[in-house]
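1. Quick one: sequence and predicted model below, then my questions.
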Amino acid sequence: MNIQAKIDIRHSTCPHDCPSACALDIEVINGATIGRVRGSKQQSYTAGVVCAKVARYAERIHHPDRLMHPMRRIGPKGSGQFARISWDEALDEIAEKFDEAERDFGAQSVWPYYYAGTMGLVMRDGLNRLAHVKKYSRFYSTICSTIAWAGYTAGTGKIAGVDPREMAKSDLIVVWGTNPVNTQVNVMTHVARARKERGAKLAVVDIYDNDTMKQADIKILLRPGTDGAFAAGVMHVLFRDGFADLEYLAKYTDASPELEAHLASRTPEWASAICGVPVAEIEAFAKLVGETPRSFFRLGYGFTRSRNGATQMHAALCIPAVTGAWQVEGGGAFYNNAALWKFDKTLIEGLDVIDPATRRLDQSKIGRVLTGDAEALHHGPPVKAMLIQNTNPMTVAPEQALVQAGFARDDLFVAVHEQFMTETAQMADIVLPATMFMEHDDLYYGGGHQHISVGAKLIDAPGECRSNHEVLQGLAERLGAEHRAFAMTPREIIDETLRTSGRGEIQALEAELWRDIQPDFRTSHYLDGFGHADGKFHFKADWSQVPMPNAGLMGTWDAMPSFPDHWAVIEQADDAHPFRLATSPSRSFLNSSFNETPSSKTREGAPNVMMHPEDAARLSILDGDAVTLGNVRGETTLTARIFPGLRRGVLIAESVHANKSHIGGRGINMLTSGDAVAPYGGAAFHDNKAWVKKVSV
């Protein structure tokens with residue numbers, strides 16, 4: 001007998017580490033499995049669009065390789081030899097090892113480590129509650145956005161900007177430092193509307209002819225780390241040719257006469273020599289921006305991957321302030337809406353029990369922390385035990401040689417709570433199976449837009465998978481960690497968080513599906529004042545006083561230029577390392593998520609590096625040849641892809657493939673640095689010098 005499946009359409013929000021946080025309509029089949037996943041047209045920013053990765057989510061959630069039960073390592077670290085155990089055995093052993101580390105080396109020898117494998121607030125950030133209650137080492141998040149946040153906030157005074165839906169009402173959209181076709185496809189929805197309805201132009205500023213630049217009307221191809229020079233050259237022309245809005249500058253900004261004097265020597269010729277963009281292109285871009293009041297600057301996370309990224313973000317942000325584009329609909333700038341959410345996360349994170357004397361270890365310096373670097377450890381005890389959720393540092397963290405050496409320590413106990421047997425899970429002593437977002441309740445916001453939502457549990461988890469919150473509940477009981485949130489359900493935590501944040505109750509938000517909290521036009525455009533105490537946009541940055549959460553000043557912050565400029569602190573190419581390497585995001589992987597799904601692996605293929613044809617010819621390298629890239633931090637081997645869409649001396653390696661996917665088993669992050677970037681830390685993933693050698697057959 002043929003029984004027709006019962007299909008219900010349920011709603012949720014994509015939890016992955018992407019600014020779009022797409023609104024989803026999900027087929028739930030017979031209440032037990034997931035079918036097609038579509039973008040929901042009921043949410044006005046993501047507007048029915050979803051990336052191909054998430055559209056194929058059934059492939060991921062019902063993957064045959066998902067972890068299904070707890071396991072204990074029975075062979076050498078990294079051997080992949082595990083034996084099934086019960087949840088009680090697993091949690092008992094983790095608690096025993098944490099207590100042992102605390103007894104022998106102090107509570108700070110335990111380091112709970114997490115990140116953005118889910119952007120749901122309960123499941124992502126709850127691990128902090130355990131750390132705060134137990135006075136374990138705290139976690140300083142630096143791997144993603146710290147650098148760009150500092151640059152944007154230095155100008156506007158807070159992380160918020162023009163309603164991103166206004167791109168559709170712009171006459172010129174400048175996409176700078178982001179590749180939304182790969183990383184936040186919904187940007188292109190609004191770009192397409194502006195082009196169709198207004199005849200708008202798309203200008204893309206980036207370091208290679210990526211999938212977004214291929215769609216652009218104006219292409220600005222930079223050398224890596226030179227955005228500030230290009231921006232300064234553009235602003236020189238804006239002042240020189242009368243495109244600066246002097247009335248706006250006098251009313252809304254801090255230092256326009258000083259800025260103009262500073263820019264007098266930053267000519268297009270000066271800028272071109274640094275950034276590689278021809279003088280004529282700098283002049284033409286400046287003229288277009290100056291003549292187009294409705295110019296929308298969509299600034300991205302690429303700025304946060306460079307040693308001078310904060311100054312570059314600030315420099316790019318200054319351009320619409322010079323022209324006064326903030327005054328009009330479809331004009332101004334946007335990066336992220338973090339300042340809008342204002343969630344009270346006391347309950348989620350246990351903020352009421354923080355001991356400020358407890359050290360905060362830098363996420364990006366995990367390799368140095370685990371190999372005993374005294375400075376990285378704040379001259380405190382070694383890390384002896386870890387619980388890792390929502391991240392895969394054995395693949396995605398910088399300085400992989402140090403990371404791998406640290407995880408290989410026999411005296412380090414590691415528990416990993418994961419969905420798949422990642423390279424980090426392979427190094428664990430205990431592996432725990434984790435739920436996916438359709439299998440638990442959580443609270444979401446969209447960094448790239450202005451909606452908040454509840455993502456409800458849609459189906460039961462397979463096997464013995466448990467949510468992050470359930471794991472924390474089990475450990476808290478065994479560790480004597482007392483906080484009332486450990487006794488609450490995720491829905492209860494969400495409900496109280498919403499109420500204490502002034503956002504009503506969970507039922508009301510669920511009924512709305514996706515709540516739009518965009519401020520009014522005047523607020524979004526800063527027409528009643530910017531976020532600084534003086535109400536002004538700051539061209540003159542005070543890097544020691546940027547109003548953002550931080551763990552203190554880091555790097556050479558005192559050498560940062562106050563005014564928009566090129567800051568030559570990037571890792572410069574030299575005779576021994578004649579290339580500059582950026583590790584840019586791919587279309588089918590998201591960090592190391594989705595690199596286990598067959599369709600994503602097929603589309604991305606084997607790891608490769610893009611090289612300019614003339615550079616390749618000089619080294620007798622042909623398309624498809626195996627090449628080794630190296631620097632002082634390590635080496636990796638992959639295949640060459642001859643590609644004319646970048647400047648000479650530049651290398652682009654898209655995506656974070658697993659180390660094991662590379663020839664020789666060493667991944668691209670062997671080459672990246674964990675140096676703390678000024679002014680408040682961060683990892684400069686796109687800022688590497690390197691040499692290239694053809695692999696002999």
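-> Ah, there it is.
2. all contacts plus neighbour counts: C-alpha atoms, from now on.
-> Noted.
3. Quick check: P15 touching V54?
-> No - applying Cα atoms under 8 Å as the test, P15 and V54 come out as separate, 10.0 Å apart.
4. Can you report how many residues lie near E93?
-> Per other Cα atoms under 10 Å, the neighbour tally for E93 reads 18.
5. by contact count, what packs against the helix or strand containing it?
-> Following DSSP states H and E, one finds E93 within helix 87-105. On a contact count with 3 or more Cα pairs under 8 Å, 6 or more residues apart in numbering; DSSP states H and E, helix 87-105 meets strand 110-114, strand 385-389, strand 430-433, helix 468-479.
6. buried set for the third one?
-> Within strand 430-433, the residues scored as buried using 16 or more other Cα atoms under 10 Å are 430-433.
7. So, low pLDDT: which residues of the chain?
-> Within the chain, the ranges that satisfy pLDDT under 70 run 1-3, 587-590, 697.
8. mind running it again at 80?
-> 1-4, 586-604, 697 (pLDDT under 80).
9. A95 contacts A481, correct?
-> No - between A95 and A481 there is no contact under Cα under 8 Å: 10.8 Å.
10. next one: phi and psi at the residue nearest to T142 when sequence neighbours are not counted?
-> Among residues not flanking T142 along the chain, G682 sits closest, at 4.5 Å (Cα to Cα, 6 or more residues apart in numbering). The phi/psi pair for G682 (degrees, to the nearest 10) reads phi 140, psi 160.
11. returning to that earlier point: distance to T46 for the helices and strands packed on helix 87-105 - can I get that in JSON lines?
-> Rendered in JSON lines, the data for the helices and strands packed on helix 87-105 read as follows (distance: least, Cα to Cα, whole Å):
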{"stretch": "strand 110-114", "distance to T46": "27"}
{"stretch": "strand 385-389", "distance to T46": "28"}
{"stretch": "strand 430-433", "distance to T46": "31"}
{"stretch": "helix 468-479", "distance to T46": "27"}
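12. Go through those and pick out the most buried.
-> Burial of these is given as mean neighbour count (mean count of other Cα atoms under 10 Å); strand 430-433 ranks first at a mean of 29.
13. Remind me what it packs against, helices and strands.
-> On a contact count with 3+ Cα pairs under 8 Å, 6+ apart, strand 430-433 meets strand 71-73, helix 87-105, strand 413-418.
14. Tell me, how many residues neighbour the closest residue to A32 other than its chain neighbours?
-> Spatially, and ignoring its direct neighbours in sequence, A32 is nearest to I459 (5.4 Å; Cα to Cα, 6+ apart). Per other Cα under 10 Å, the neighbour tally for I459 reads 18.
15. now swap in the one 5 residues further on and tell me
-> Residues contacting E464 under the criterion other Cα under 10 Å number 15.
16. Show the backbone phi and psi for it.
-> Main-chain torsions, E464, degrees, to the nearest 10: phi -110, psi 20.
17. Tell me if I'm right that it and R84 touch.
-> No - contact criterion Cα under 8 Å: E464 and R84 do not qualify, at 11.3 Å.
18. Can you tell me which of the helices and strands packed on strand 430-433 is most buried?
-> Comparing the helices and strands packed on strand 430-433 by mean count of other Cα under 10 Å gives strand 413-418 as most buried, with a mean of 26.
19. angle of it against strand 110-114?
-> Relative orientation of strand 413-418 and strand 110-114, computed by axes from the mean of the first three to the mean of the last three Cα atoms, to 10 degrees: 20 degrees.
20. Counting by contacts, list what the helix or strand just after strand 413-418 packs against.
-> Using DSSP H and E, the next helix or strand after strand 413-418 towards the C-terminus is helix 423-426. In terms of contacts (3+ Cα pairs under 8 Å, 6+ apart), helix 423-426 is packed against helix 393-396, strand 413-418.
21. Show me what helix 423-426 is in contact with.
-> 77-80, 392-395, 415-418, 431, 658-659 (Cα atoms under 8 Å, 6 or more residues apart in numbering).
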